[in-house]
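Undergrad: Just the structure for this:
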Amino acid sequence: MRVLIQLRPSPDLVAAVADPSVPAAASDVADGLPGVVLDHSYAPVAVPRPMPASPGGDPLSLNQPLVFSMAPQDASVVVRGEIADDEVTSRVALLPATRRDVVAVYADPVIETSLTCGGDPAVGDWHDVERLLRVPDLTAEGLDGSGVSLAVVDTGINAAYVKAARGQDVTVDHERSWSPEGVSGTPGDFAVDHGSMCAFDALIAAPKASLVDVPVLLSRRQGGSTLDGLLSDAIAAYAHLREVLDAQPAESRALVVTNSWGSFSPRWDFPPGHPGNYSDNAAHPFNLIVGSLAEAGADILFAAGNCGTQCRDSRCAFPDRPIVGANSHPSVLSIGGVDTAGMRVGYSSQGPGRLTKRKPDFCAYTHFAGSGALGDDEPDSGTSAACPVAAGLVAAVRSRWPATVLSPAQLRTLLRRTADDRSAVGYDHDYGYGVVDAAGIIAALRRRAAKAA
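TA: Coordinates of the predicted model:
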């Protein structure tokens, strides 16, 4: 079983791992772990320590204000390795006892794109989405994605294809893009696939955003497909995105991260209640690093997934509550899907979420004729399309409302409060708070600006 091992080595070593200018290897941190075959291709990643913002809080509860410390005496380090399947239970129990620097051993589950199970034709096209998102009104307000880094964590972007499909220029930020170890290719020049669809859809509302290409799903695992990766690579990607965010000037900080992927099977995970579990465990390193990136000022959106009760993707293996792990994190926006007529698509996953109950947060548009990246007659579909559509709207807002002026938490609240309520009155687990409403967002921002004047 592939695992993540969290260690707390000396502060000097933690500081070296956290410093991107200092090369560090897995063997520097975790050499000689009994029963573990270290993956030396995976560079160790520093993980911040969560601490309650108020005295007396629970450091493992995500449902409270937290601060995240990267101080060498507080932070920890994760490495990737493998334990023989017939030794997993005993090794996981013994490692912290035999090595004092081992904090815990966690699952490193497979992560996969949120492809749709729906075979229905498209409902409308991307110009309908443009109209529904009131893109001309956003543009008139100066909300077009200018100056915003929009990270697409997926299978890589083909910028030339997206440019041709949109008929407009596309900007890829080569300097800030990042690939997992072993993934070759140039940012913006990967094969046309799921990631190009996500980039296309994100640019509908934010045509001037700079795309940061993060092809995490191109990392390989033994026996895997070309459309899945490992959560450990997402941890490394998020550590890189933290560097991108920290390098931005505080007065214009704007990083939006769209994630149209998730973990759909408990097969690769420890069971809920196990200390190494991912799906339900706030202490898993990926859930910690997601929380720390959001707390530092990034807007993070995850697809809710395509495990809706009316039309489940065949890969959905959780018997209930399919919005798992970071897709249900309280500091991210979990996005469900509606068609351009405003009806929830049957494959859109329903809540409650596993880390926090009120998931999805709201719905955005999907299942429309758009990029054509998945095939000439294939719609941009799944919550895979809804998530970047919503992320583009967030990026548009960030053009004039950087994170230091409107924090990610404040923006999440604004988006929930302005959503067009559907189904039952108030929040429900089908639509969340409703369907994203650009007109309501613009009006709320105008009121906020008037108060600040």
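
Undergrad: Quick check, central residue of this structure?
TA: For the chain, Asn259 is the residue whose C-alpha lies nearest the centre (C-alpha atoms, centre = their mean; 3.8 Å).

Undergrad: Any idea what that residue is bridged to?
TA: When bridges are called by DSSP bridges, Asn259 pairs up with Val153, Phe302.

Undergrad: Phi, psi for the closest residue to Ala282 other than its chain neighbours please.
TA: Leaving aside its chain neighbours, Ala282 sits nearest to Leu62 (4.7 Å; criterion: C-beta to C-beta, 6 or more residues apart in numbering). Quick note: C-beta positions are derived from backbone N, CA and C, even for glycine. Backbone torsions of Leu62, given as degrees, to the nearest 10, read phi -80, psi -10.

Undergrad: Surely the residue nearest to the centre of the chain and Leu301 touch.
TA: Yes - using C-beta atoms under 8 Å, Asn259 makes contact with Leu301 at a distance of 6.7 Å.

Undergrad: got any residues that touch both of the two?
TA: By the contact definition C-beta atoms under 8 Å, 6 or more residues apart in numbering, Asn259 and Leu301 are jointly contacted by Cys387.

Undergrad: Do a quick rundown of the helices in the chain.
TA: Along the chain, counting by DSSP state H, helices occupy 11-18, 26-30, 88-98, 126-132, 135-140, 159-166, 194-202, 231-247, 285-296, 382-398, 408-418, 438-452.

Undergrad: Next, format the ones you listed as a markdown table and append distance to Pro266, mean pLDDT and mean neighbour count.
TA: Converted to a markdown table, these look like this (distance: least, C-beta to C-beta, whole Å; pLDDT from 0 to 100; neighbours: other C-beta atoms under 10 Å):
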| stretch | distance to Pro266 | mean pLDDT | mean neighbour count |
| --- | --- | --- | --- |
| helix 11-18 | 30 | 94 | 19 |
| helix 26-30 | 26 | 91 | 19 |
| helix 88-98 | 14 | 89 | 15 |
| helix 126-132 | 34 | 98 | 19 |
| helix 135-140 | 40 | 98 | 16 |
| helix 159-166 | 35 | 98 | 19 |
| helix 194-202 | 23 | 98 | 30 |
| helix 231-247 | 14 | 96 | 22 |
| helix 285-296 | 16 | 96 | 24 |
| helix 382-398 | 20 | 97 | 32 |
| helix 408-418 | 28 | 97 | 18 |
| helix 438-452 | 37 | 95 | 14 |
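
Undergrad: between those helices, which one is nearest to Ser146?
TA: Closest to Ser146 of the helices of the chain is helix 382-398 (C-beta to C-beta; 9.2 Å).

Undergrad: helices or strands up against that closest one?
TA: Other helices and strands packing on helix 382-398, by 3 or more C-beta pairs under 8 Å, 6 or more residues apart in numbering; DSSP states H and E, are strand 149-153, helix 194-202, strand 255-259, strand 299-303, strand 333-338, strand 362-365, helix 408-418, helix 438-452.

Undergrad: got TSV for the ones you listed, with distance to Val397 too?
TA: Shown next, in TSV, are the helices and strands packed on helix 382-398 (distance: least, C-beta to C-beta, whole Å):
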stretch	distance to Val397
strand 149-153	12
helix 194-202	13
strand 255-259	9
strand 299-303	9
strand 333-338	12
strand 362-365	14
helix 408-418	7
helix 438-452	7
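
Undergrad: Of all the ones you listed, which one comes closest to Ser210?
TA: Nearest to Ser210 among the helices and strands packed on helix 382-398 is strand 149-153 (5.5 Å), distances taken as C-beta to C-beta.

Undergrad: Put the alpha carbons of the closest one into PDB.
TA: Presented in PDB, the C-alpha positions along strand 149-153 are these (Å, rounded to 0.1, in the frame of the first residue of the first chain):
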ATOM      1  CA  SER A 149      -3.500  33.900 -11.100                       C
ATOM      2  CA  LEU A 150      -5.900  31.100 -11.800                       C
ATOM      3  CA  ALA A 151      -4.400  27.700 -11.100                       C
ATOM      4  CA  VAL A 152      -5.900  24.700 -13.000                       C
ATOM      5  CA  VAL A 153      -4.900  21.600 -11.000                       C
END
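
Undergrad: what sits against Val345?
TA: Per C-beta under 8 Å, 6+ apart, neighbours of Val345: Thr116, Gly118, Gly308, Cys311, Gly337, Val338, Asp339, Thr366, His367, Ser381.

Undergrad: my read: the last one touches Tyr365, true?
TA: Going back to what we said before, that points to Ser381. No - here Ser381 lies out of contact with Tyr365, judged by C-beta under 8 Å, at a distance of 10.6 Å.
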